[in-house]
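Chemist: Just need the structure, nothing else, for what follows:
(one chain, ligands or ions: 1)
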Amino acid sequence: MVENGPLFESLLQGPLRMLESLEQEIFGSRLELTLADVERPLRKLYGDRGDYKTWRNHLIRIVARRYASRSHDLRRLDLQRLEEVDWFQQSHMVGYVCYADRFAGTLGGVGEKIDYLKELGVTYLHLMPLLKPRPGANDGGYAVMDYRQVMESLGTMDDLAQLATKLRDQGISLCIDLVCNHTAKEHEWAQKAVRGDLDYQNYYLMFPDRELPDQYEQTVREIFPEFKSGSFTYYPEIERWVWTTFNEFQWDLNYANPAVFAEMLDVMLYLANQGIEILRLDAVAFMWKRLGTDCENQPEAHYILQALRALSRIAAPGLLLKAEAIVPPPQLVPYLGRGEATNKECEVAYHNVLMVMLWSSLAERKVALMTHALQQMPPIPSRSSWLTYVRCHDDIGWAVTEEDAAAVGLNGFLHRFFLSDFYSGRFPGTFARGATFQFNPKNNDRRISGSCASLAGLEAADDAEEVNRAIGRILLLHSMILAFGGIPLIYMGDEIGLLNDHSYEDNRDLARDNRWMHRPFMDWEKVADRHDWTSVNGRIFQGMRRLIQVRKKTTALHAEAAAYAVWTHNEHVFGLLRESPRGRVLVLGNFSEWGQAVSRGRLKELGFDGPLVELIIDQNLDAWSDIYLEPYQAMWLTEDERDAD
Ligand code: GLC
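Modeler: Here you go, the predicted model:
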């Protein structure tokens, strides 16, 4: 029994000594229940070391210290979360993502915009990187210098904690980024390494010559080929090649060193104790390197996450971990836990494939590829959930596999080429106005930047009909992420149709990175028009708000409900069947600018043979007519219960 073991005894004398006995007991029982989940991955990572036990006990001591300093309010929240384990899967959950400065100036400013967020229906707010970054170019804050300080221009750590409380009081959970794969080269650890401290040199991956870097580079991919070539940077002052997967100023951490793991665990729990409810773990796929592989999605990257989760559950079981792994489905799904780690890794992860397929279908006006690709997705554990999104702060990479393309009669390479042409505005007749991001001449890969509205045709629209179509596309895509299952994330400005913003071109630190074109400043004047149904922004806002309200009350859209992509027998109309004991919803989406029909015969085959209600516009449909969809119309159909008796 751990509770009576010498470790627990020493914790009772040490970090836990000031707690009341009930709180000590809670810690003891959580430790006991979780220890196997801690040990399993930890042994795989560090079990071969002679000092394994010392490290394990050190980690548990960190957890005990952070548990002891967790506030009463947050302990209460932990208990609520343990009671209501599906809190983040329920259909009332709706997320919003923004840069604090671009949205409201400062953290205090964000606090003043809570009414706006509530009006939209938001229950989850992701504030983009806000921990102290390096000065100058910092990859949008993804080059952190100090994990325990907030970016000065936004406020202080106390302001962040206060904002978290204020949001929570209004039913909104705060999410921030924890950039755990790398630090800025200006971080204290990196600076110590530069000064020759060997302990800290071992925090990073450093090589005296090109021998190993050359070998690694044969198999790793280049992430930002336009910014720099290769994955290593030479620093003459230390005569070392340092592993830099992303930009030169972002140094990859060495998780083979347990000291790095311990530091990150402590940072994680420190942030949880500020009231952060969800941590977005950045670039997790890259956290472990292995010669001869692409150094992504290695089993050890999963063990790190599993161990972090198990340890954090002891001190802060309310905390959710979100994996940012933009990798193909077979590699992505395991971040939500599988095998022994089912429900024991990250709780949420981005559904990159859905996002890519939505844009692909819109360009092609056909849904076969999306239907097929989604049908191929492996299932996810019951206590996990997708984050669904239309746009985010990053570029769109065309994650279309050769197999999926071939299965529907397309050539993968040509289709990806087409999508890049289409969305960069090169393809004849395209409605999209985006730009190419990171052209890689070695494999012809071209990703895309651009705001939702610009990619959906609003920027190019020059008559009322084209504006209508663009609005139709924006709402169609959002109706899909709101009904798919998981937490839908609305990216700031998309709710009022903000276009590409080219002001970044005049900022020396940003100009090279055109992802800033879709990271605009909030336009509060446009927001002020949001109740005006005749304005473009008002139509988008009200349309989205309606979708959100309907989603919230449709409990059958709970994340746990199965989501099957179904063939509607109309190649322009996507079908998604949501099925659960709470009810069934058939989601239809017309991805073309022409009216379309889905036959009643097909609906009957899918099990819908009575009268129906379309939930978005609240319309009753008889039991026999075909279903007619306007251009870009979405429908959420459910059985008309009034007829059930
Ligand atoms: C993630 C972020 C991206 C950043 C990269 C490096 O992919 O979303 O914006 O450039 O990590 O931190």
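Chemist: Longest helix of the chain, counting residues only.
Modeler: Counting residues, the longest helix in the chain under DSSP state H turns out to be helix 21-46.
Chemist: Packing partners of that helix?
Modeler: Using 3 or more Cβ pairs under 8 Å, 6 or more residues apart in numbering; DSSP states H and E as the contact criterion, the elements in contact with helix 21-46 are helix 6-13, helix 52-68, helix 258-272, helix 299-315. Quick note: C-beta positions are derived from backbone N, CA and C, even for glycine.
Chemist: quick check: angle from that helix to helix 6-13?
Modeler: Here helix 21-46 points in a direction 130 degrees away from that of helix 6-13 (axes from the mean of the first three to the mean of the last three Cα atoms, to 10 degrees).
Chemist: For the stretch 301-450 of the chain, which residues are neighbours of the ligand?
Modeler: Selection of the stretch 301-450 of the chain residues close to the ligand by Cβ under 6 Å from any ligand atom yields 324, 393-394.
Chemist: Please repeat the previous calculation with a cut-off of 8 Å.
Modeler: Selection of the stretch 301-450 of the chain residues close to the ligand by Cβ under 8 Å from any ligand atom yields 324, 326, 392-394.
Chemist: between those residues, which is nearest H58?
Modeler: Among those, E324 lies closest to H58 (Cβ to Cβ), at 27.6 Å.
Chemist: show me the contacts for that closest one.
Modeler: Applying Cβ atoms under 8 Å, 6 or more residues apart in numbering, we find E324 in contact with 280-284, 349-350.
Chemist: Adding pLDDT, write the residues you listed out as a markdown table.
Modeler: Converted to a markdown table, the contacts of E324 look like this (pLDDT from 0 to 100):
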| residue | pLDDT |
| --- | --- |
| R280 | 98 |
| L281 | 98 |
| D282 | 97 |
| A283 | 97 |
| V284 | 98 |
| A349 | 98 |
| Y350 | 98 |
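Chemist: now, which of those lie within strands?
Modeler: Counting by DSSP state E, those place 280-281, 349-350 in strands.
Chemist: Greatest separation within the residues you listed: which pair is it?
Modeler: Looking at the ones in strands among the contacts of E324 by Cβ to Cβ, the two members farthest from one another are L281 and Y350, with 11.2 Å of separation.
Chemist: can you tell me which residues contact D159?
Modeler: Per Cβ under 8 Å, 6+ apart, neighbours of D159: 106-108, 150.
Chemist: Which helix or which strand is home to it?
Modeler: Element membership of D159, judged by DSSP states H and E, is helix 157-169.
Chemist: how about that helix: buried residues?
Modeler: Buried residues in helix 157-169, defined by neighbour count with 16 or more other Cβ atoms under 10 Å: 157, 159-168.
Chemist: Can you list the low-confidence ranges for the stretch 1-150 of the chain?
Modeler: For the stretch 1-150 of the chain, the stretches flagged by pLDDT under 70 are 1-4.
Chemist: need the residues of it near the ligand, please.
Modeler: Near the ligand, when you scan the stretch 1-150 of the chain using Cβ under 8 Å from any ligand atom, you find 139-140, 142-143.
Chemist: Which residue ranges of the stretch 101-250 of the chain form strands?
Modeler: Along the stretch 101-250 of the chain, counting by DSSP state E, counting those that start in this stretch, strands occupy 124-127, 131-133, 144-150, 173-178, 182-184, 206-207, 232-235, 240-243, 250-252.
Chemist: Export these to TSV and append columns for mean neighbour count.
Modeler: TSV is the format used below for the strands of the stretch 101-250 of the chain (neighbours: other Cβ atoms under 10 Å):
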stretch	mean neighbour count
strand 124-127	25
strand 131-133	23
strand 144-150	19
strand 173-178	23
strand 182-184	26
strand 206-207	17
strand 232-235	18
strand 240-243	22
strand 250-252	26
